[in-house]
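Enquirer: Return atomic coordinates for the entry below.
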Amino acid sequence: MITTLDRPPNTYNVNYDVITSLNNIGDLNNKLFCTFTDIDNLDSLLDEITSKYTIIYNKLFVLEIVDKDEYVITYNVDQGNVHTIPENTILVHRKKESNTLYTINALNELIKKLNGGVVDTKYQVNWQQYKNCILLTQHNELNQLNTKIYKIIEV
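Expert: Residues are numbered from 1 along each chain as shown. The predicted structure follows:
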């Protein structure tokens, strides 16, 4: 399933796999939300997230996207209190050993790229080659955003 933002391009003009509905996203317990922002809106967005949601593991990670004026906040939210999702939010998965965040669409595109155009669920990705980054699709193309930790917030 490809999820796209059906609104005018957001202020970052990225059109990633933004969540626009809670329908069909399955079990939220093991999912990680990733919300994009700029430095000017970072503090207000952090306040909004921490006041609206019960944050699982009591941590929010703020990552700076290298060479861009953009930040992402990653956080796990308790499924029971998710009624709305902040704008510019995507659902991602994480490979702990390499600190790689990725969408399923991006993983499929990566496997196609590495495996001669074939999506094979048994294909083994060398995650160390994608250390400290977010893999996304943008206009159905793979996009790699390199990241570094800006700050970790305990709630």
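Enquirer: going forward, measure contacts and count neighbours with C-alpha atoms only.
Expert: Noted.
Enquirer: neighbours around N76, how many?
Expert: Using other C-alpha atoms under 10 Å, N76 is surrounded by 20 other residues.
Enquirer: That one and D67, how far apart?
Expert: 26 Å (C-alpha to C-alpha, to the nearest Å).
Enquirer: if I pick I149, what's in contact with it?
Expert: 61-64 (C-alpha atoms under 8 Å, 6 or more residues apart in numbering).
Enquirer: Across the sheet, point out what pairs with it.
Expert: Note on I149: beta-bridge partners L63, judged by DSSP bridges.
Enquirer: Repeat that for Y102.
Expert: The partner residues for Y102, given DSSP bridges, come to H93, L135.
Enquirer: Check what pLDDT it gets.
Expert: pLDDT for Y102: 97.
Enquirer: Just say helix, strand or coil for I49.
Expert: helix (DSSP: H, G, I helix; E, B strand; the rest coil).
Enquirer: Could you pull up the mean pLDDT of the helix or strand containing N143?
Expert: Applying DSSP states H and E as the criterion places N143 in strand 141-154. Averaging pLDDT along strand 141-154 gives 97.
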